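Participant: Give me the fold of what follows.
(one chain, ligands or ions: 1)
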Amino acid sequence: MTTKVENVRKVFGDFEALKSVSVSIEEGEFIAILGPSGCGKTTLLRLIAGFEEPTAGSIYIDNNLVGNENHVKPPELRNIGMVFQSFALWPHMKIYDQVEFPIIHHSSTPDRIKSNRKKRMETVLKLVGLSDLSERRPNELSGGQKQRVALARAIAHEPSLLLMDEPLSSLDAELREEMRKEIQILHRKTKSTILYVTHDQGEALAMADRMVIMKDGAIEQIGTPEDIYLRPNTSFVASFVSKAILIPGSWEGSVFYPDAAPDNEWDGKCIASAFKENGTYPVRPDEWIMSKKFSGIQVVINNALYQGREIHYSATDQTGLTVNMITPISERYEIGDKVSIQKTGTKVVSVTSTTAR
Ligand SMILES: Nc1ncnc2c1ncn2[C@@H]1O[C@H](COP(=O)(O)OP(=O)(O)OP(=O)(O)O)[C@@H](O)[C@H]1O
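Facilitator: The predicted structure follows:
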């Protein structure tokens, strides 16, 4: 019962919004699609939903061909549920009727649900905590409650695939956090397959079983959150997801020598070949250590943001490269301080310095 996108291309006029995208989603998986604005996330979701026709390639849901350049099965005949960023609720309809709508009208709704409609409605409304509000209309609900109606409507007919397009983007930070948890609980309870579009890396890292990282209409990397965060395959994934900076230097096998501190040796066994080919090493802000006592890349601190448990420093090296660092609160430096920075795990070369604090 997988969903498969095979070599799907989508062209609008003379603009190629998707360039031969392929991805296979297993039953019950939570997949987050992450990428900058305009990279084709929504287009991919709309193609899977059946709102768009592929220019080339094929889409399969539950092993059935649902779309290619000659044939597009309409959304209501695909076994899917959808949640949009705008909620898309009908203003004059009671919550109960909104949630019941797909059970009655989707031809893919299983007969056991159609014939036990009342029971299913009780279950779904309870699952999203709306049992007491079902007689209300959308204008009588808060943002979070409306979001839950949209979720309930999307899952009521037990779709095999749930498509969510930035479903939390119109909620404030607190509600967003709460709804994130609810979606995760819902996923665990319903075991539905979820395709979740977002451009919030924290959200994707926290929620997904696997992440699909897109750029310019193509997939850059597919992997678990840990793979993507710790072992990016491309410069784009390293900087977009992990906020890594690419340090220039030279590679000898799996050892890296940064240009700015060539006596330092960085272990690069887990670094992808793309970085070895372009002579860089990706370092995340939390991977730096700073000191006046060891030899490393010399930088001058130009900004320090106190964040309670940690400090976010920004510093510039002699070439003008700006490095962002997150360090424990115990390490305090002033703006204008000259310090050495090294990647954690590097063999430390001590220097005798009278300026050491
Ligand atoms: N119907 C259309 N006609 C022409 N161009 C379109 C159409 N739909 C999308 N595009 C273009 O295709 C590209 C991908 O759009 P899409 O909405 O998929 O991006 P996105 O990654 O979801 O972006 P965002 O995060 O801003 O929602 C964009 O450049 C967009 O302008």
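Participant: hey, what's Val21 bridged with?
Facilitator: Assessed by DSSP bridges, Val21 has beta-bridge partners Val8.
Participant: how about it, what does it touch?
Facilitator: By C-beta atoms under 8 Å, 6 or more residues apart in numbering, the contact list for Val21 reads Val5, Asn7, Val8, Arg9, Gly40, Leu44, Gly57, Met214, Gly217, Ala218, Ile219. (Glycine included, C-beta is placed from N, CA and C.)
Participant: If we use 10 Å, what do you get?
Facilitator: Neighbour list for Val21: 5-10, 40, 43-44, 47, 54, 57, 212, 214, 217-219 [criterion: C-beta atoms under 10 Å, 6 or more residues apart in numbering].
Participant: Same list, those residues, but only the ones touching the ligand.
Facilitator: Gly40, Thr43 (C-beta under 6 Å from any ligand atom).
Participant: ok, the closest residue to the ligand within the stretch 51-200 of the chain - how many residues close by?
Facilitator: With C-beta to the nearest ligand atom as the measure, His199 is the residue of the stretch 51-200 of the chain nearest to the ligand, at 5.1 Å. His199 sits with 17 neighbouring residues when counted by other C-beta atoms under 10 Å.
Participant: My read is that it contacts Ser169, right?
Facilitator: Yes - between His199 and Ser169 there is a contact at 8.6 Å, judged by C-beta atoms under 10 Å.
Participant: thinking again about what came up before, of the contacts of Val21, keep whichever come out buried.
Facilitator: Neighbour-count burial (16 or more other C-beta atoms under 10 Å) applied to the contacts of Val21 gives 5-6, 8-10, 40, 43-44, 47, 54, 57, 212, 214, 217, 219.
Participant: just the residues you listed now: which is nearest the ligand?
Facilitator: Relative to the ligand, and with distances defined as C-beta to the nearest ligand atom, the nearest of the buried ones among the contacts of Val21 is Thr43, at 3.4 Å.
Participant: would that closest one count as being in a helix?
Facilitator: Yes - using DSSP: H, G, I helix; E, B strand; the rest coil, the assignment for Thr43 is a helix.
Participant: and Asp62, what pLDDT?
Facilitator: With respect to pLDDT, Asp62 scores 85.
Participant: OK, contacts around it?
Facilitator: Per C-beta under 10 Å, 6+ apart, neighbours of Asp62: Met1, Thr2, Thr3, Lys4, Glu27, Arg78, Asn79, Ser108, Ser160, Leu161, Thr193.
Participant: and these as CSV, adding secondary structure and pLDDT?
Facilitator: Output for the contacts of Asp62, formatted as CSV (DSSP: H, G, I helix; E, B strand; the rest coil; pLDDT from 0 to 100):
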residue, secondary structure, pLDDT
Met1, coil, 62
Thr2, coil, 87
Thr3, strand, 92
Lys4, strand, 95
Glu27, coil, 91
Arg78, coil, 84
Asn79, coil, 83
Ser108, coil, 77
Ser160, coil, 81
Leu161, strand, 89
Thr193, strand, 92
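Participant: how about stretch 297-310: buried residues?
Facilitator: Ile297, Val299, Ile301, Ala304, Glu310.
Participant: so how far is Lys293 from the third one?
Facilitator: Spatial separation of Ile301 from Lys293 under the definition C-beta to C-beta, to the nearest Å is 16 Å.
Participant: now swap in Val323 and tell me
Facilitator: Separation of Val323 from Lys293 (C-beta to C-beta): 19 Å.
Participant: how much space is there between Val283 and Ser291?
Facilitator: Note on Val283: its distance to Ser291, by C-beta to C-beta, is 16 Å.
Participant: Name the SS class of the residue nearest to Lys338 when sequence neighbours are not counted, please.
Facilitator: Leaving aside its chain neighbours, Lys338 sits nearest to Val300 (5.6 Å; criterion: C-beta to C-beta, 6 or more residues apart in numbering). At Val300 the chain is in strand, as set by three-state DSSP.
Participant: State the pLDDT value of Val300.
Facilitator: 95.
Participant: wait, isn't it in contact with Thr316?
Facilitator: Yes - using C-beta under 10 Å, Val300 is in contact with Thr316, at 5.8 Å.
Participant: Any residue of stretch 162-170 touching the ligand?
Facilitator: No - using C-beta under 6 Å from any ligand atom, we find that stretch 162-170 stays clear of the ligand, coming within 6.9 Å at best.
Participant: what's the span of that stretch, first residue to last?
Facilitator: 19 Å (C-alpha to C-alpha, to the nearest Å).
Participant: cool, and stretch 291-304?
Facilitator: Termini of stretch 291-304 sit 15 Å apart (C-alpha to C-alpha).
Participant: per-domain residue ranges of the protein.
Facilitator: Using automatic domain parsing, the domain ranges for the chain come out as 3-230, 245-350.
Participant: mind checking how far the shortest one is from the chain centre?
Facilitator: The chain centre lies 26 Å from the centre of domain 245-350; the measure is C-alpha atoms, centre = their mean, to the nearest Å.
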